[in-house]
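Following is a predicted model, sequence given first.
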Amino acid sequence: MNRFPKVCDRCGDDISSTGKASTMSKFNTDIICMDCKEKERKHPTRALWCMAGSP
């Protein structure tokens with residue numbers, strides 16, 4: 001099943017009508033906007049899951 005999200009699961013920002021890109025979170029199965037992806041990339045626990053093999 002294809003999932004074409006309309007809003008970011010994390011912040012609720014509209015991503016369908018604005019043409020924003022989206023991706024899946026590295027922490028869970030949320031579909032998030034690129035702004036939230038950048039915040040996630042800077043998260044303090046990122047190093048832990050990078051060491052576990054999820055760059």
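Happy to help now that I have it. Numbers count the residues shown, from 1 in each chain.

for the chain, what spans make up the helices?
Along the chain, the segments classed as helices by DSSP state H run 34-41, 46-51.

Worst mean pLDDT across the helices and strands of this protein, which element?
In the chain, no helix or strand scores lower on mean pLDDT, DSSP states H and E than helix 46-51, which sits at a mean of 67.

Out of the helices of the chain, indicate the one that is most buried.
Highest mean neighbour count among the helices of the chain (mean count of other CB atoms under 10 Å): helix 34-41, with a mean of 14. Where C-beta positions appear, they are placed from N, C-alpha and C, glycine not excepted.

what residue ranges in the protein score low on pLDDT?
By pLDDT under 70, the low-scoring segments of the chain are 1-3, 18, 47, 49-55.

where's residue 24 relative to residue 8, distance?
Residue 24 is 12 Å from residue 8, where distance means CB to CB, to the nearest Å.

More neighbours: these two, which one.
Neighbour comparison, residue 24 and residue 8: the larger count goes to residue 8, with 20 against 14 (by other CB atoms under 10 Å).

Kindly list the main-chain dihedrals of that one?
Here the main-chain torsion angles of residue 8 (degrees, to the nearest 10) amount to phi -70, psi 130.

you'd agree it is up against residue 33?
Yes - using CB atoms under 8 Å, residue 8 and residue 33 qualify as a contacting pair, with a distance of 4.1 Å.

Need the overlap of contacts for these two.
Shared contacts of residue 8 and residue 33, defined by CB atoms under 8 Å, 6 or more residues apart in numbering, comprise 15, 22.

what's the closest non-adjacent residue to residue 13?
Spatially, and ignoring its direct neighbours in sequence, residue 13 is nearest to residue 33 (5.2 Å; CB to CB, 6 or more residues apart in numbering).
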